[in-house]
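Trainee: sequence below, structure please.
(4 chains)
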Number of protein chains: 2
Amino acid sequence: MVKPPGRTRSAPRAKRRAAAAEPAAHNAEERILDAAHRVFLRRGSAGARTQEIADEAGVNKALLHYYFRTKERLAAAVFQRAATKLMPPVIATLASNHELEIKIARVIDIELDVLLEHPYLPGYIISELTHNPARARELIAALAGVSVDELAPRLFETLGKQIRARVREGRMRPIAPDQFMLNLLSLCIFPFAARPMVQAMLRLDDDDFARLIARRKRDLPIFFLHGLRP
Amino acid sequence: MVKPPGRTRSAPRAKRRAAAAEPAAHNAEERILDAAHRVFLRRGSAGARTQEIADEAGVNKALLHYYFRTKERLAAAVFQRAATKLMPPVIATLASNHELEIKIARVIDIELDVLLEHPYLPGYIISELTHNPARARELIAALAGVSVDELAPRLFETLGKQIRARVREGRMRPIAPDQFMLNLLSLCIFPFAARPMVQAMLRLDDDDFARLIARRKRDLPIFFLHGLRP
DNA sequence: TTTTTGTTTAACCAAATGGTCAAACCCAAT
DNA sequence: ATTGGGTTTGACCATTTGGTTAAACAAAAA
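Mentor: Residues are numbered from 1 along each chain as shown, chains lettered A, B, ... in the order given. Sure, this is the predicted structure:
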């Protein structure tokens, strides 16, 4: 007598219970989403099992179909959530009105902080996007609520303007804004995306890796700025 | 009466037939491996289906258990093959005795060429490594046949020596060899790893993307070298 | 207290999936 | 022509997996 199959599910609104018993806390829907996040991130959406998610959420498997109709929808929810955590900070900073040098320093600082806190996001997102290119649309949609048609041009416009100004002053070589951004993001994100490879190749434990990133946080701004000098 | 279960399978050695009929050519084992390569790359090893591989190889599903005992082993074979295509060129170049500036130019040139030919390798490898960290060992083992204990030190030693020389000449800021390599690889590989994201965000079709990479091929060496100047 | 409404579960189910096996097949050597 | 070994296949199987359903539960509304 519940949930006529096909209905869009009006979000259940339970909100009592500040801290529950066994697993963590929160209401069931959130616990499921959190568990799904963990499981999807370590297994990928093809490798993730609904049973494992249910177990990790301390919940019956059927309940996760009650809240999220299908595994696919749950995966989409997790992906959106992950992408939202990763991209907006950078976009916002790059689109801001700060001076170019400040922007660079800020993006590096912010991005590396976010990534240190969620080291496996890049690997997950890249994996997801590689095996499910359709997700790219969801990603850009989630970026800021605004469409990419609106955001990207504005971002590249201000960025390009700033670059041209620096070039006129003779303080910078010309560079296309998209290459500018690509270089910046490459240097920040890649080490995390390739983290297992990096750790294996350089024989680093987790602490070593954290130190490596800390060093990058110091060095990258200079490296990047010098790279653009005439 | 064939293949006693548990035996390691002595590699079958059929080698006649220069060009066969339907699918492509080659003997069955190779066709299977090729098909597996394609399927694993686009679906990931968790998402890949043995049936799809068999179909794409034009072969009965049982045959692929005959040649590769399990899906897991087939996946390992494909991974090794993929990793081998991607890493050795760079390693060899970096470990060579060329001048540092030449090395940089060469690595960028070679790596971008390889990646243009196999654009989805980075995404696949990162995905695989993220969801199956154990593969990291296989990777470094496949790198050159030599163990990482042997290769990495030699590589970083010559690299470090060259860097220190340049620093002494006042032509370069000091930088740790691992950071040097990480920066170089980041700038080369990331755009391919994040290709779906990049294309969606910058609204590029495949040709646009190829042009973007062509431009990088010109710009990266200068960017990288300038980044290291004092 | 009884009803009602949203939540949670145990028990099931059909389809998909990796894997097996005995038989058929092919081709070279006897 | 017969034999013998590697190769290929159709049919089959046990499990796993995403998904469903009817019933139980809990707490607020009547």
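
Trainee: can you pull the contacts of the residue positioned nearest the centre of chain A?
Mentor: With distances taken as CA atoms, centre = their mean, residue A:86 lies nearest the centre of chain A, 2.5 Å away. Applying CB atoms under 8 Å, 6 or more residues apart in numbering or on different chains to residue A:86 gives the contacts A:114, A:115, A:118, A:121, A:122, A:125. Backbone N, C-alpha and C define where each C-beta goes, glycine included.

Trainee: show me which of the residues you listed are buried.
Mentor: A:114, A:115, A:118, A:121, A:122, A:125 (16 or more other CB atoms under 10 Å in any protein chain shown).

Trainee: gap between the fourth one and chain B?
Mentor: Put plainly, it is residue A:121. To chain B, residue A:121 is 10 Å away according to CB to the nearest CB, to the nearest Å.

Trainee: can you read off the pLDDT for that residue?
Mentor: In this model, residue A:121 is scored at 97, pLDDT.

Trainee: same check, this time on the one 4 residues further on
Mentor: On pLDDT, residue A:125 comes in at 97.

Trainee: hmm, residue B:196 and it touching each other?
Mentor: No. Taking contacts as CB atoms under 8 Å, residue A:125 lies outside contact range of residue B:196: 9.8 Å.

Trainee: contacts for stretch A:216-230?
Mentor: Residues contacting stretch A:216-230 (CB under 8 Å, 6+ apart): A:101, A:104-105, A:108-109, A:112, A:166, A:170-173, A:175, A:180, A:183-184, A:187-188, A:191, B:173, B:175, B:179, B:182-183, B:223-224, B:226-229.

Trainee: output the below-cut-off pLDDT ranges for chain A.
Mentor: For chain A, the stretches with pLDDT under 70 are A:1-25, A:144-150.

Trainee: how's it carved up into domains?
Mentor: A:28-74, A:87-228 (automatic domain parsing).

Trainee: of those, which is nearest residue B:200?
Mentor: Counting by CB to CB, residue B:200 lies closest to domain A:87-228 out of the domains of chain A; the figure is 3.7 Å.

Trainee: quote the end-to-end distance of that closest one.
Mentor: Domain A:87-228 has its terminal residues 24 Å apart, counting by CA to CA, to the nearest Å.

Trainee: please state the offset of it from the chain centre?
Mentor: Taking CA atoms, centre = their mean, to the nearest Å, the mean C-alpha location of domain A:87-228 is offset from the chain mean by 11 Å.

Trainee: again with stretch A:42-57
Mentor: 20 Å.

Trainee: CA atoms only: put it into PDB for me.
Mentor: C-alpha atoms of stretch A:42-57 as PDB (Å, rounded to 0.1, in the frame of the first residue of the first chain):
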ATOM      1  CA  ARG A  42      36.000   2.200  -3.500                       C
ATOM      2  CA  ARG A  43      34.300  -0.300  -6.000                       C
ATOM      3  CA  GLY A  44      33.100   1.900  -8.800                       C
ATOM      4  CA  SER A  45      29.500   1.900  -9.700                       C
ATOM      5  CA  ALA A  46      29.800  -1.300 -11.700                       C
ATOM      6  CA  GLY A  47      31.600  -3.100  -9.000                       C
ATOM      7  CA  ALA A  48      29.500  -1.800  -6.100                       C
ATOM      8  CA  ARG A  49      26.900  -4.200  -4.700                       C
ATOM      9  CA  THR A  50      23.600  -3.000  -3.300                       C
ATOM     10  CA  GLN A  51      23.900  -5.600  -0.500                       C
ATOM     11  CA  GLU A  52      27.200  -4.200   0.600                       C
ATOM     12  CA  ILE A  53      25.800  -0.700   0.700                       C
ATOM     13  CA  ALA A  54      22.800  -1.900   2.700                       C
ATOM     14  CA  ASP A  55      25.100  -3.600   5.200                       C
ATOM     15  CA  GLU A  56      27.300  -0.600   5.500                       C
ATOM     16  CA  ALA A  57      24.300   1.500   6.100                       C
END
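
Trainee: so the residue lying closest to residue A:176 once chain neighbours are set aside is in which element?
Mentor: Distances taken as CB to CB, 6 or more residues apart in numbering or on different chains place residue B:215 nearest to residue A:176, at 7.2 Å, with adjacent residues excluded. Using DSSP states H and E, residue B:215 maps to helix B:206-228.

Trainee: and that helix with helix A:206-228, angle?
Mentor: With axes from the mean of the first three to the mean of the last three CA atoms, to 10 degrees applied, the angle from helix B:206-228 to helix A:206-228 works out at 90 degrees.

Trainee: what residues of helix B:206-228 count as buried?
Mentor: For helix B:206-228, by 16+ other CB under 10 Å, it's B:209, B:212-213, B:216-217, B:219-221, B:223-228.

Trainee: stretch A:156-172 now?
Mentor: Neighbour-count burial for stretch A:156-172, counted by 16+ other CB under 10 Å, picks out A:156, A:158, A:159, A:160, A:162, A:163, A:166, A:172.
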